[in-house]
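*Asks:* take this sequence and fold it.
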Amino acid sequence: MGADVEWPKVFEGGDVRGPDAVRDDWHRQWTEISPTDTPLSITVLPDGRVDVEGDQLVRNLDGTSLDERFRQWS
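*Replies:* Got it, this is the predicted structure:
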């Protein structure tokens, strides 16, 4: 991730900026939820970015499903 990365805080809203903030947010999330992301396709775009489409299943730590959705990341 570049220094200017901006990442959405999906469950809380808003976003975090910078690799340190993204790392800290991910560490915190993993103490609260257990996501499983399954990539379905990966495409390198003409501008060099990578587009990933996939399925995401989010469970709380006792295994209860909280959210299941199709996601796209660029």
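*Asks:* can you list phi and psi of the residue at the greatest distance from the centre of the chain for me?
*Replies:* In the chain, counting by C-alpha atoms, centre = their mean, Pro46 sits farthest out from the average C-alpha position, at 22.5 Å. The phi and psi values for Pro46, taken as degrees, to the nearest 10, are phi -60, psi -30.
*Asks:* state the distance from it to Met1.
*Replies:* Going from Pro46 to Met1 by C-beta to C-beta, to the nearest Å gives 20 Å. All C-beta spots, glycine's among them, are computed from the backbone N, C-alpha and C.
*Asks:* and Ile42, by the same measure?
*Replies:* When Ile42 is compared with Met1 (using C-beta to C-beta), they lie 17 Å apart.
*Asks:* again with Pro8
*Replies:* 14 Å.
*Asks:* just Arg69 next, same as before
*Replies:* Counting by C-beta to C-beta, the gap from Arg69 to Met1 is 23 Å.
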